[in-house]
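**Student:** Below are the sequence and a predicted model for it; my questions follow.
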Amino acid sequence: MNISKFVTPEIIFGLGSLSQIGESALRLGASKVFVVSDEGVINAGWVEKALHYLRAAGLGTEVFYSLTTNPKDFEVVQGADKYLESGCDAIVAVGGGSPTDVAKAIAILATNGGRLRDYEGINKITRPLPPMVMVPSTAGAGSEVSQFAIIVDTQRKLKMSIISKSLVPDIAIVDPELLITKDAKLAAATGMDALTHGIESYVSLAATPLTDIHALNAVRLISRNLQKAVENRQDMEANTNMAMASLSAGIAFSNAILGATHAMTHQVDGLLDEHHGEANASILPHVMEFNLPACPERFRDIAGAMGKGVKGKRVMDAAEMAIEAAREIIEDIGLDKGLAELGLKQEFIPTLSRNAVNDACLVTNPRDASVDEIEGIFRKAL
Ligand SMILES: [Fe+2]
């Protein structure tokens, strides 16, 4: 039997759609909302705008923003305590992948108790979560539509993947206007994350026709818009296309899961605290090389979506063009750096490799990878 399922929130997309946040929370039965964000997004003015719309809808509000890039377990514990004290009955996130993942993790602890580590892996959450509305301020993480929350376990120094259908937010509001306050470096790193989501979900063992459409759409849009969006942060057409790309990639990977690149970057992120998208840029082409013999037709499709002329080419030749296209994008947006340049020391590689084979994302990688093979990829990416 070949059974698959597909989950997605209600999605509100378009310039100015942040204005729907109050009505959206109200429809979910909220009376007081817990708004999770971070300092950068607050300084950009988006939280003030969101609070205006929430209060205009008659809702009480409480803001929590004590969190960092690559959100940590202890930040979630503080957030969950504050949520429980506040008397809130719904959670809203305004921000990139960090506030969104923290909002989801707060929802877990506040209603299911225990420690975050108890929920690592797939489908460990048993009690219902509060209603959740998510508004992304970056085009990359895709957390606003996904069943993932990725949080750093500070003791083990690695990122935990918590995957559960109950982490899919109720409503995702994707307003491309929020992207204009993101700087070029963040636009490049987050866009690279979205590209990695598109590619890994398309070659995933759990890919289905429903996820394929979204994965290829993301890859196509990113190939044509990421460089433009990085070079001109005011280009609203490129920003809007990147918002749609990130959304599509999020829908794809939420349902098809990811692969070895993410299994590896989750370890690097937990150790170095660099932007997840930069580590993806260093590792992705090497994982594509490793995976290519397992599914060359899939890589040929990716090359085609990235604008390479694959017609009439031998499958292996066409498939290799996908790696070439990925390298070109990475170079064009200035992320062509090895892991050593991001601060990774050679002596960490054996531990990172042992942890990577236990990451939930490796299960759907199209080619089995042993600890030694992962070590080999890490060394190439160094
Ligand atoms: Fe990612």
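**Tutor:** It's in. Residues are numbered from 1 along each chain as shown.
**Student:** where along this structure do the helices fall?
**Tutor:** With DSSP state H as the definition, the chain shows helices at residue ranges 21-27, 39-43, 46-56, 73-86, 97-112, 184-203, 209-231, 236-256, 260-272, 276-291, 296-305, 315-332, 349-356, 371-381.
**Student:** elements contacting the longest one?
**Tutor:** By that I understand helix 209-231. helix 184-203, helix 236-256, helix 296-305, helix 315-332 (3 or more C-beta pairs under 8 Å, 6 or more residues apart in numbering; DSSP states H and E). From N, CA and C alone the C-beta is placed, and that goes for glycine too.
**Student:** buried residues in stretch 356-367?
**Tutor:** Judged by neighbour count using 16 or more other C-beta atoms under 10 Å, the buried positions of stretch 356-367 are 356-357, 359-362, 364-367.
**Student:** Quick one: end-to-end length of it, please.
**Tutor:** 14 Å (C-alpha to C-alpha, to the nearest Å).
**Student:** what does that stretch contact?
**Tutor:** Applying C-beta atoms under 8 Å, 6 or more residues apart in numbering, the contact partners of stretch 356-367 are 121-122, 161, 163, 200, 203-206, 256-260, 262-264, 266-267, 287, 290-291, 293-295, 298, 369-371, 374.
**Student:** cool, and stretch 18-31?
**Tutor:** So stretch 18-31 is contacted by 12, 33, 46, 49-50, 53-60, 89-90, 92, 131, 133, 135, 170-171, 173, 175, 177-178 (C-beta under 8 Å, 6+ apart).
**Student:** Contacts only, for the residue most central in space within the chain.
**Tutor:** Among the residues of the chain, the one closest to the centroid is A141, at 2.6 Å (C-alpha atoms, centre = their mean). With contact taken as C-beta under 8 Å, 6+ apart, A141 is in contact with 96-97, 100-101, 190, 193, 246, 250.
**Student:** if we go to 10 Å?
**Tutor:** Contact analysis of A141 by C-beta atoms under 10 Å, 6 or more residues apart in numbering lists 95-101, 148, 150, 190, 193-194, 197, 246, 249-250, 276-277.
**Student:** try D118
**Tutor:** Neighbours of D118 in contact, by C-beta under 10 Å, 6+ apart: 108-109, 112, 124-125, 162.
**Student:** before we move on, back to that, any chance of CSV for the helices and strands packed on helix 209-231, columns mean neighbour count?
**Tutor:** Putting the helices and strands packed on helix 209-231 into CSV (neighbours: other C-beta atoms under 10 Å) gives the following:
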stretch, mean neighbour count
helix 184-203, 27
helix 236-256, 26
helix 296-305, 22
helix 315-332, 18
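**Student:** which stretch among those helices comes nearest E85?
**Tutor:** When the helices and strands packed on helix 209-231 are compared by C-beta to C-beta, helix 236-256 sits nearest E85, at 31.2 Å.
**Student:** got the CA coordinates for that closest one in PDB?
**Tutor:** In PDB, the C-alpha atoms belonging to helix 236-256 read as follows (Å, rounded to 0.1, in the frame of the first residue of the first chain):
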ATOM      1  CA  MET A 236       8.900  44.100  -4.500                       C
ATOM      2  CA  GLU A 237       8.400  41.700  -7.400                       C
ATOM      3  CA  ALA A 238      11.400  39.700  -6.400                       C
ATOM      4  CA  ASN A 239      10.400  39.900  -2.700                       C
ATOM      5  CA  THR A 240       6.900  38.700  -3.500                       C
ATOM      6  CA  ASN A 241       8.200  35.800  -5.600                       C
ATOM      7  CA  MET A 242      10.600  34.800  -2.800                       C
ATOM      8  CA  ALA A 243       7.700  34.900  -0.200                       C
ATOM      9  CA  MET A 244       5.800  32.600  -2.500                       C
ATOM     10  CA  ALA A 245       8.900  30.400  -3.000                       C
ATOM     11  CA  SER A 246       9.500  30.100   0.700                       C
ATOM     12  CA  LEU A 247       5.900  29.200   1.300                       C
ATOM     13  CA  SER A 248       5.900  26.600  -1.500                       C
ATOM     14  CA  ALA A 249       9.200  25.100  -0.200                       C
ATOM     15  CA  GLY A 250       7.700  25.100   3.400                       C
ATOM     16  CA  ILE A 251       4.500  23.200   2.200                       C
ATOM     17  CA  ALA A 252       6.800  20.700   0.300                       C
ATOM     18  CA  PHE A 253       9.200  19.900   3.100                       C
ATOM     19  CA  SER A 254       6.600  19.900   5.800                       C
ATOM     20  CA  ASN A 255       5.000  16.900   4.100                       C
ATOM     21  CA  ALA A 256       8.000  15.300   2.300                       C
END
